[in-house]
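Novice: model the following, please.
(one chain, ligands or ions: 1)
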Amino acid sequence: MLNYSMLYPRETVSRRVVSMDGMWKFCLDEKSAGENEKWQEGIPGKEMIPVPASFQDFYTEKDIREYAGDFWYEKDMFVPGEWSGKQVLLRFGAATHRAVVFVNGTKVAEHEGGFLPFCADVTEVVRYNAYNKVVVKVNNELTVTNIPCGQTVTLPTGKKMCKPYFDFFNYSGLQRSVWLTALPKESVFDIETVNELCGSDAKVSYTVKTTGDHPVTVELLDEEGQKVASCEGKEGVLEVKNARLWKVRDAYLYQMVVRIMDEDEILDEYTQEIGIRTVEVKGTSILLNGEPVYLRGFGKHEDSDIVGRGFNIGVMKRDFELMKWIGANSFRTSHYPYSEEIYQMADREGFLIIDEVPAVGLFESLMNFMEASTGKATAFFEKETTPVLLQAHLRAVEEMITRDKNHPSVVAWSLLNEPETTSDAAVPYFKEVFDRARELDPQKRPRTFALVMNSTPDKCKCYNFSDIIALNRYFGWYVSGGYDISTAEVLFRKEMDAWKALNLNKPFIFTEYGADTLGSEHKLPSVMWSQEYQAEYLKMNNEVFDSYDFIKGEQIWNFADFQTTEGIMRVNGNKKGVFTRQRQPKDIAYKLKERWESLPLGYKN
Ligand code: CKU
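Specialist: Numbering: from 1, shown residues only. So this is what the prediction gives:
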């Protein structure tokens, strides 16, 4: 179990939250000399940088953008005197890819993995009613012992460089919000809920973990703030008469008010938003509240101009407006768990999320998007270091599920993206990851992983682990693109026929298909990279999807153009976006809108 609470910081009668977002001091540490030089007590220089944000795209020097190694942040924080006697925590939404946190020179936390939150208990180290110095040493190097995988090389110049085994820029830093919080000594630590529908009523079973022994009460409030159910005890069942269900693009949210009581006194109160809905896979159907849904939407990235992968509240809002406009109902958090605020918005707007752990690059190749498509195989899981990687992976699965399990929007877990699946060594690795997810999720949501092109029905040894088979396929792009698209269609259908022949009795979805397209390029007749070709590519793919009843969803790659490492395969980034990086539509957006608005929710059921 995690030794800090993953609950999102919220103010209540017993809890206080102060945002630490804003300008922080910032410094690169090329020689990793900072700790020896006592930077934990204060970093050198006067450079300031915004948090949350990736550090890379602010500067005009390429050496900074491409920097690999340690870098430091510092900020003063005032801890109110009235907080003495409380538990004081510093919470980082994420530090990419690893961090060590110091307060007043004392190490208070260490965390590996760049896309999930962690807390430092600073109760004993802070000075009350005074300023305190927070210093964070972050490191963004890529390895094969942590996810996402890649390598870090030393160039002839002596500078280090990251070589990702994945197709997105290695943005890093304090990319999500930082909070200072005060909790009572006895507090709510974790909340779990499981929904069950009984006619027009519902039962919400819950488990609450606290840090003490005082009794717990739970109340459920509807959107008007009216109490609709209540219960006592750390475990119980809330019986909701005439429950308003959380539905696709028609969300209804209840507030679950959890209190720790000492007689009449409230020791702690936490409010958890929940949606009442069930999700399951039955035969080839994905059922939400027992009704079939066909997924339409996107693989996305947290990626935008200037702030990189930094949480950008404006971009989040625009993205949801565009997804609503185009008739999408779902997205995958490719290739890492996103900022918590994005799930809260999806809960509110009724979008379905396939929540992906940062297990990308488990396929040894600097251009795996190319090489996997052409059949290259690597024995990725036979490395000596695989057991270390597995531990990091399991830890990320635990942090992700603990963080996200109460979001009604999260309807499936994606446990790997495009791993190597054709060697025997992959099988026990997958088993551990899939078993762990099942064990950790109280709602037992379907699990999946995205199959790369060479994970074909005859070669892939791991597809059976998935409750939903998720395919990333690029017929007409990496395979037989351009005038050859008719060959692509033949090959595509051949593969789908082979899947069909296996009779897996599971739903299939496409978690990726797409064609790079320059927003500026038009050509009649089409050529690859033109907007015209993107439309032809879409048409062919849609015809294939429509020919197979067991295909229950399409999430196009990608929602928007995004930054990648520079190289001959990418024109200043991946251009498969339906929208540009500035969130304006390419021509294909109108075609998708037409299609998605015409598909019934329960298409093919
Ligand atoms: C995408 C073989 C497909 C790999 N897939 C992963 C994703 O991260 C890439 O951006 C392909 C692409 O556009 O090549």
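Novice: for the rest of this, base every contact and every neighbour count on C-alpha atoms.
Specialist: Fine.
Novice: and the residue of the stretch 451-600 of the chain that's closest to the ligand?
Specialist: Residue of the stretch 451-600 of the chain nearest the ligand, by C-alpha to the nearest ligand atom: Val452 (5.1 Å).
Novice: report how many residues lie close to that residue.
Specialist: Using other C-alpha atoms under 10 Å, the number of residues around Val452 comes to 25.
Novice: and it, what pLDDT?
Specialist: pLDDT, Val452: 88.
Novice: contacts only, for the closest residue to Glu41 other than its chain neighbours.
Specialist: Of all residues not flanking Glu41 in the chain, Gly105 sits nearest, at 4.4 Å (C-alpha to C-alpha, 6 or more residues apart in numbering). Counting by C-alpha atoms under 8 Å, 6 or more residues apart in numbering, Gly105 makes contact with Gln40, Glu41, Gly42, Lys133, Val135.
Novice: max pairwise distance over those: which two?
Specialist: Pairwise distances across these (C-alpha to C-alpha) peak at 9.0 Å, for the pair Gln40 and Lys133.
Novice: quick check: neighbours shared by those two?
Specialist: Residues within reach of Gln40 and of Lys133 at once, by C-alpha under 8 Å, 6+ apart, are Val103, Asn104, Gly105.
Novice: and those near the ligand, which?
Specialist: For the ligand, no contacts are drawn from the shared contacts of Gln40 and Lys133 by C-alpha under 6 Å from any ligand atom.
Novice: what's the closest of those to Ser205?
Specialist: Val103 (39.7 Å).
Novice: let me know the secondary structure of the nearest residue to the closest one once chain neighbours are set aside.
Specialist: Closest residue to Val103 apart from its sequence neighbours, by C-alpha to C-alpha, 6+ apart: Val134 at 4.7 Å. Following DSSP: H, G, I helix; E, B strand; the rest coil, Val134 is assigned to strand.
Novice: just the pLDDT for Val134.
Specialist: Looking at Val134, its pLDDT stands at 98.
Novice: partner residues bridging it?
Specialist: Assessed by DSSP bridges, Val134 has beta-bridge partners Lys75, Val103.
Novice: now the strands for the stretch 101-250 of the chain?
Specialist: 106-112, 118-121, 130-139, 150-154, 160-164, 178-183, 188-198, 201-210, 216-221, 227-232, 235-240 (DSSP state E, counting those that start in this stretch).
Novice: thinking again about what came up before, list the residues that contact the residue nearest to the residue of the stretch 451-600 of the chain closest to the ligand when sequence neighbours are not counted.
Specialist: Once flanking residues are discounted, Val452 sits nearest to Glu418: 4.5 Å by C-alpha to C-alpha, 6+ apart. Contacts for Glu418 (C-alpha under 8 Å, 6+ apart) come out as Val360, Gly361, Leu362, Phe363, Phe449, Ala450, Leu451, Val452, Asn472.
Novice: at 10 Å instead, please
Specialist: Residues in contact with Glu418 (C-alpha atoms under 10 Å, 6 or more residues apart in numbering) are 166, 359-363, 368-369, 372, 449-455, 470-472.
Novice: can you pull the domain assignment for this structure?
Specialist: 16-183, 188-274, 279-598 (automatic domain parsing).
Novice: now those domains as TSV including distance to Met1?
Specialist: Conversion of those to TSV gives the following (distance: least, C-alpha to C-alpha, whole Å):
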stretch	distance to Met1
domain 16-183	13
domain 188-274	11
domain 279-598	8
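Novice: quick one: closest of the ones you listed to Met6.
Specialist: domain 279-598 (5.3 Å).
Novice: what's the end-to-end length of the closest one?
Specialist: 24 Å (C-alpha to C-alpha, to the nearest Å).
Novice: still on that earlier bit, neighbour-wise, give me the winner out of the contacts of Gly105.
Specialist: Greatest neighbour count in these, by other C-alpha under 10 Å, goes to Val135: 27 neighbours.
Novice: surely that one is in contact with Pro44?
Specialist: No. Between Val135 and Pro44 there is no contact under C-alpha atoms under 10 Å: 11.4 Å.
Novice: what is in contact with these two at once?
Specialist: Jointly contacting Val135 and Pro44 under the rule C-alpha under 10 Å, 6+ apart are Lys25, Phe26, Trp72, Glu74.
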